[in-house]
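1. What follows is a predicted protein model with its sequence.
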Number of protein chains: 2
Amino acid sequence: MRVFSTETMADACRRNKITSPGKASIMDCAKLSSYLEKTTGISVIHMELGSPGFAPNKVGVEAEKAALDAGVGSGYPPTDGLPVLKEASSRFVRAFLDVDLEPRYHIPTTGSMLGAFGALAAASQCFPTRSKVLVLEPSFSANKQQMAILGIPWKGMEAATLRSSGLEESLRRELSSGEYAALMYSNPNNPSWMCFTQEELEVVARVAEETGVIVIEDLAYFCMDLRGAGYGTPWEAPYPPTVARYGGRYILLMSASKIFSYAGQRIGVMCVSPSLYDERFPALAGRYGGLGIFGLTLTGSILDMITSGATASTQWGLAAMMDRSCEGSLDFVADVSEYGRRAARMKEIFLRHGFGITYPRDAAGPIGDGFFFTLSYPGLDSAALVDELLAYGVSSVSLEKMGSSLNGVRICSSRIRSEQFDLLEQRMAAFEEDHPRV
Amino acid sequence: MRVFSTETMADACRRNKITSPGKASIMDCAKLSSYLEKTTGISVIHMELGSPGFAPNKVGVEAEKAALDAGVGSGYPPTDGLPVLKEASSRFVRAFLDVDLEPRYHIPTTGSMLGAFGALAAASQCFPTRSKVLVLEPSFSANKQQMAILGIPWKGMEAATLRSSGLEESLRRELSSGEYAALMYSNPNNPSWMCFTQEELEVVARVAEETGVIVIEDLAYFCMDLRGAGYGTPWEAPYPPTVARYGGRYILLMSASKIFSYAGQRIGVMCVSPSLYDERFPALAGRYGGLGIFGLTLTGSILDMITSGATASTQWGLAAMMDRSCEGSLDFVADVSEYGRRAARMKEIFLRHGFGITYPRDAAGPIGDGFFFTLSYPGLDSAALVDELLAYGVSSVSLEKMGSSLNGVRICSSRIRSEQFDLLEQRMAAFEEDHPRV
């Protein structure tokens, strides 16, 4: 039996100015499900928002409080970030990614969201005749909204399909059209949790180099592919795959939101490859004045003009968390591995009630249990599945909104509470009963 | 005698990749003067950066620490801001501006810089056939850099000139061309410290209404015009002039940076007029999907896609400072009035050594002593005056970079230290001696 009637849902949509759950943005899905809970008193199991499920990391909280007491709140933070965080990030990237990048190339941002926005703005404005961005799908829908703000043209290509048909050839064919300024993807992938292997990223780096395209690699779920030996021991292999291993023009986006449960404080770091940072682009000089040096334009003429630097205390907080991680006294992978355990329990329930994993595998085998996974149900398209799941008290996000050509939803494992697994079992049993498979 | 030789200055410019001080941005001027201090050991009197000269407000610091302890750092802040700050801002605007705006219309931003960026993006994308912004000059140069990022066309008009030739006619002639989406100014004005009167803003409101143009009013120096009876007593007249008193389509930008010495923490609030917030724009719907409602697009599709909300602890900090101000136990105008005393001493020294105030008056009389003022010197254009002042150990910013048609520099009174007034006297005496007036 449904948890919310058709009338209740229609009324909730109308009052929240939303067409339907399946057509709504992630934030609107969150708003809608909260509204339903508040007006009916019935709890929704929240799987829509990729928000941390734990308290913010204590190391960061204490470091922020100390910085506030020290008076960091008064002066504008430097355009390219506080040295303490630039240095910590440089150590962190060496310790956990085995990539050697001087502090100068690490730029604190108001969350990785601003990192992505700044990276897209700068990369798309470097070349006089090409500004398009190739997005490897499925993908984080916010990046496309960012491009809508900036008026950047983009095209999506399904990574899973490329994999089987020859990643290298497909990428080369597309990127050599001469329209593209940048290529963007997340690894692990949001929403599917597929991961590119080191070999695949070597291909990406090679084709990008050949075609002069800037690679934007979003590492929001850094070290969170929990399969196998496991990442996250400082200064020790294995290290997560990254395009940075091959040099060239790249931007990495690091976020404190997930690995340190720090989403509310909005702090991340972008790492720009030295060759890109120091390159001169006449198109940037033409637009912003100065010499058109990528790194200086990005920090001084773009990021600083959007937020005037990242909140000072949060820079101290993230620096402390990175430093403690490098010393081995803060094990952020152990902290987030609870997401994997929750995902495994959730998958078991969904699969037993007729659901399938929309993106079940990557080149390394079956996808791991982590922060996200994808679900399909026979006979329901993406929007209909979101609508139906919400009617049974489960809030999710449509894969159609995330550039997927497949039918399904994104599920986030972070916010389910331990007492909700029994409720999930009951609700999905009812869902299965009411939705006979054809 | 010069403090820095021609060779020292040329070398410093080369090493900082700056053409000349007079052609540099504010941040580059700050970088250059710091570099000179570090390499020569000679102190520069910093008048370039509009950065607070006091410790961050304690009320904000303590409220942030309490919020961090309460765990606000984990979840993403709501798209349109935390209720605690929306409510505090609504009270604050009523208490100090006598404008009644429900909490819903108050949107926390990562500093007023992001407020301005979001306002410019949204306002310029509302109308299918007009996107241009009219800037009342002189103005804060960062806003033009923001428009360069977004590709927004703009035009500057000198407010001082408009004043004498008929503000209403000039504005109407320009804005009725059908090209403009928005009109932008700061009040008090950065850099000149001229203030529009209530009567002038009535004219602005009337012409904007007639021509369908959105007004963006930057109140970064809120209540800091220290002339006369004085603003800043909660719930009591006099109140500062604002375009909001006349309704219509407006966006106010409020900043914690100056009034609470809180620049490092990056927090502000934008206030959108109800009629604008709720208006539907098909052009916004076309670009972002949804219904094209201004306020929901601005928060959900623009601001949230740039920073995913404003840092949670800073929202609690600003809310506490606003609340205490409304209760009368935090007197922010008394706190910042020290800037006025410093400005008066600085002006006396400069004027005695042959300088003049570039923008000496507004419609209310001689400009007040506050955070900024402008200086000219006979025979030197803007860039040359910046260069020469720095050679004599005083760092400033060119008015040419701030849209002025007059020759001069912007001086900020915030960072001079009490022991530096004697040094300023000596240096300006030397300046006068070496620059005989023609």
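-> The structure has been received and is ready for your questions.
2. May I have the residues that are in contact with the one residue in the stretch 151-300 of chain A that gets nearest to chain B?
-> Going by CB to the nearest CB, chain B is nearest to A:Gly264 of the stretch 151-300 of chain A, at 3.8 Å. To be clear about C-beta, it is placed using only N, CA and C from the backbone, and glycine gets the same treatment. For A:Gly264, the contact set (CB atoms under 8 Å, 6 or more residues apart in numbering or on different chains) comprises A:Pro56, B:Val72, B:Gly73, B:Ser74, B:Gly75, B:Tyr76, B:Pro77, B:Gly309, B:Thr311, B:Ala312, B:Ser313.
3. if you set the cut-off to 6 Å instead, what comes out?
-> A:Gly264 sits next to B:Val72, B:Gly73, B:Ser74, B:Gly75, B:Pro77, B:Ala312 when contact means CB atoms under 6 Å, 6 or more residues apart in numbering or on different chains.
4. Which stretches in the stretch 51-200 of chain A count as helices?
-> Assigned by DSSP state H, counting those that start in this stretch, the stretch 51-200 of chain A shows helices spanning A:58-69, A:83-97, A:111-124, A:141-150, A:159-165, A:167-175, A:198-211.
5. how much space between the closest residue to chain B within the stretch 301-438 of chain A and B:Phe222?
-> Distance from chain B to each residue of the stretch 301-438 of chain A (CB to the nearest CB) is smallest for A:Ala312, at 3.8 Å. Using CB to CB, to the nearest Å, A:Ala312 is found at 22 Å from B:Phe222.
6. Name the residue in those two with the higher neighbour count.
-> Taking neighbours as other CB atoms under 10 Å in any protein chain shown, A:Ala312 and B:Phe222 compare with A:Ala312 leading, 30 against 27.
7. Now do the phi/psi pair for the more buried one.
-> phi -60, psi -50 (degrees, to the nearest 10).
8. still on that earlier bit, and the residue of the stretch 301-438 of chain A closest to chain B, what is it in contact with?
-> A:Ala312 touches A:Val72, A:Pro77, B:Gly264, counting by CB under 6 Å, 6+ apart.
9. 10 Å instead, please
-> Shown here is A:Ala312, whose contacts under the criterion CB atoms under 10 Å, 6 or more residues apart in numbering or on different chains are A:64, A:67-68, A:70-78, A:82, A:85, A:108, B:56, B:262-266, B:314.
10. Tell me which residue lies nearest the centroid of chain A.
-> The centroid of chain A falls nearest to A:Ala220 when counting by CA atoms, centre = their mean (4.7 Å).
11. Can you check the pLDDT for that one?
-> At A:Ala220, the predicted lDDT confidence score is 97.
12. ditto for A:Met1
-> For A:Met1, the pLDDT comes out at 86.
13. and what of A:Phe373?
-> A:Phe373 is given a pLDDT of 98.
14. Check the offset of the helix or strand containing it from the chain's centre.
-> Using DSSP states H and E, A:Phe373 sits within strand A:372-375. The chain centre lies 14 Å from the centre of strand A:372-375; the measure is CA atoms, centre = their mean, to the nearest Å.
15. Send over the helix or strand just after that strand as PDB, restricted to the C-alpha atoms.
-> Note on strand A:372-375: by DSSP H and E, the next helix or strand toward the C-terminus is helix A:382-391. Presented in PDB, the C-alpha positions along helix A:382-391 are these (Å, rounded to 0.1, in the frame of the first residue of the first chain):
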ATOM      1  CA  SER A 382      13.200   7.400 -14.500                       C
ATOM      2  CA  ALA A 383      10.600  10.000 -13.600                       C
ATOM      3  CA  ALA A 384       7.900   7.400 -12.900                       C
ATOM      4  CA  LEU A 385      10.300   5.500 -10.600                       C
ATOM      5  CA  VAL A 386      11.000   8.700  -8.600                       C
ATOM      6  CA  ASP A 387       7.300   9.400  -8.300                       C
ATOM      7  CA  GLU A 388       6.400   5.800  -7.300                       C
ATOM      8  CA  LEU A 389       9.200   5.500  -4.800                       C
ATOM      9  CA  LEU A 390       8.200   8.700  -3.100                       C
ATOM     10  CA  ALA A 391       4.600   7.500  -2.900                       C
END
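16. quick one: the helices in the stretch 251-400 of chain A?
-> A:256-259, A:274-277, A:282-288, A:294-296, A:304-307, A:312-327, A:332-352, A:382-391.
17. what's next to the second one, contact-wise?
-> Where contact means CB under 10 Å, 6+ apart, the residues beyond helix A:274-277 that reach it are A:100-102, A:104-105, A:107, A:122-123, A:126, A:214-215, A:247-251, A:271, A:293-296, A:298-299.
18. Those residues of the stretch 301-438 of chain A touching chain B, which are they?
-> A:301-315, A:317, A:401, A:414-415 (CB under 10 Å from any CB of the partner chain).
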